[in-house]
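Visitor: coords please:
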Amino acid sequence: MDHLGIEQRGDVTLVTLDNPPFNTVHAEIMREASRRFCEMAASSDVQAVVLTGAGSDYSRGMDRKVAENFTDETREETREAINHMMADMHRLPCPLVSAVNGHSIGAGGIMMLCSDWVVAAEGGYKIGLPEAKAGLPFPAVPQAIIDHWLDPVWRRRLALTSQLFGPEQAAATGLVDEIVSPETLIDIAVQRASELASQPAFRDCKRQLRAKANAEIDAILAK
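Guide: You can find the predicted model right below:
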């Protein structure tokens with residue numbers, strides 16, 4: 001089953017995670033996402049990407065029902081899948097903008113940190129990294145992404161307390177860059193992605209900015 005809808009909005013590729021009702025992820029979805037992001041990275045036709053969620057959630061992270069039935073083998077398969085998915089998102093050479101339309105929890109928060117810009121809709125939903133409460137320690141690649149892109153104080157607060165924040169509070173943590181009305185979310189996210197892509201040196205600057213993190217991620221995946 002295809003869990004990622006893809007459509008063009010001008011020069012921007014809109015990717016929609018679609019796994020109702022909460023857009024949770026599991027190993028199959030994460031492998032599909034890895035494949036899609038690798039294809040987009042290799043395509044000269046993909047100039048910029050916006051990632052959002054179908055329905056009322058961006059992503060509530062790991063599918064808890066799947067996690068409750070992990071065996072040693074499926075736990076390792078899932079760890080490998082999430083490491084590769086986040087690595088492939090983080091390595092995407094073109095602009096990646098997250099359009100956060102609702103709850104973004106756990107893996108959803110890491111997907112936001114992989115983005116170059118995060119536009120969030122106004123609303124009463126929550127954003128955070130409650131892996132400690134969920135009993136799901138961060139795999140190595142998500143941990144590296146957190147280490148590189150979250151301020152140390154907020155890294156501690158988010159990772160150890162499992163606090164969840166509304167969009168305005170999440171902006172203070174560095175997880176959100178811009179808050180807009182729900183009606184304009186996708187249009188503004190597409191506009192931001194196009195604006196980023198229009199800069200002649202964007203890809204070079206992104207490659208420089210992410211070089212240390214990508215080297216660390218490569219070393220993790222090589223083990």
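Visitor: where does the prediction get shaky in the chain?
Guide: Scanning the chain for pLDDT under 70 picks out 1.
Visitor: helices of that one, residue ranges please.
Guide: All helices of the chain, identified by DSSP state H, fall at 27-42, 64-68, 72-91, 107-113, 131-134, 140-149, 152-161, 167-173, 185-197, 202-222.
Visitor: closest to Y58 out of those?
Guide: helix 107-113 (5.2 Å; CB to CB). All C-beta spots, glycine's among them, are computed from the backbone N, C-alpha and C.
Visitor: contact partners of that closest one?
Guide: Residues outside helix 107-113 that contact it (CB atoms under 8 Å, 6 or more residues apart in numbering): 23, 25, 51, 53, 57-62, 82, 86, 89, 98, 100, 104, 118, 127-129, 142, 145-146, 149-150, 158, 175-176.
Visitor: now do stretch 3-16
Guide: Applying CB under 8 Å, 6+ apart, the contact partners of stretch 3-16 are 17-19, 28-29, 32-33, 36, 40, 46-54, 186, 190, 193-194, 197.
Visitor: apply 6 Å and report the result again.
Guide: If you take CB atoms under 6 Å, 6 or more residues apart in numbering as the criterion, stretch 3-16 is touched by 18-19, 29, 32, 36, 46-52, 54, 190, 193-194.
Visitor: then stretch 42-51?
Guide: Against stretch 42-51 from outside (CB under 6 Å, 6+ apart): 11-15, 40, 94-99, 189-190, 193-194, 197.
Visitor: kindly recompute the last result at 7 Å.
Guide: With contacts defined as CB atoms under 7 Å, 6 or more residues apart in numbering, stretch 42-51 is touched by 11-15, 40, 92, 94-99, 111, 189-190, 193-194, 196-197.
Visitor: how about stretch 150-166?
Guide: With contact meaning CB under 7 Å, 6+ apart, stretch 150-166 is reached by 105, 113, 124, 126-130, 132-133, 146, 173-174.
Visitor: repeat the analysis, applying 8 Å as the threshold.
Guide: Against stretch 150-166 from outside (CB under 8 Å, 6+ apart): 105, 109, 113, 123-134, 138, 146-147, 172-175.
Visitor: ditto for stretch 184-204
Guide: 9-12, 14, 47-50, 52, 93-101, 116-117, 119-121, 178, 180, 205.
Visitor: dump the residue contacts of L17.
Guide: By CB under 8 Å, 6+ apart, the neighbours of L17 are H3, L4, N23, V25, I29, A33, L51, T52, G53, A54, Y58, S59.
Visitor: ok, the first one to E32 distance?
Guide: Okay, so that is H3. According to CB to CB, to the nearest Å, H3 stands 6 Å off from E32.
Visitor: also the last one?
Guide: In this view, S59 and E32 are 14 Å apart by CB to CB.
Visitor: before we move on, the earlier item: mind giving me the ChimeraX select for the contacts of stretch 184-204, buried ones only?
Guide: Buried members of the contacts of stretch 184-204, defined by 16 or more other CB atoms under 10 Å, are picked up in ChimeraX with:
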select :9,12,14,47,48,49,50,52,94,95,96,97,98,99,100,101,116,117,119,120,121,180
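Visitor: would you list the phi and psi of the nearest residue to C205 once chain neighbours are set aside?
Guide: Excluding its sequence neighbours, the residue lying closest to C205 (CB to CB, 6 or more residues apart in numbering) is Q199, at 7.8 Å. In terms of degrees, to the nearest 10, the main-chain angles of Q199 are phi -80, psi 120.
Visitor: separation between the residue lying closest to A193 once chain neighbours are set aside and M30?
Guide: Sequence neighbours aside, A48 is the residue nearest to A193 in space, at 3.9 Å (criterion: CB to CB, 6+ apart). Noted for A48: a distance of 22 Å to M30, by CB to CB.
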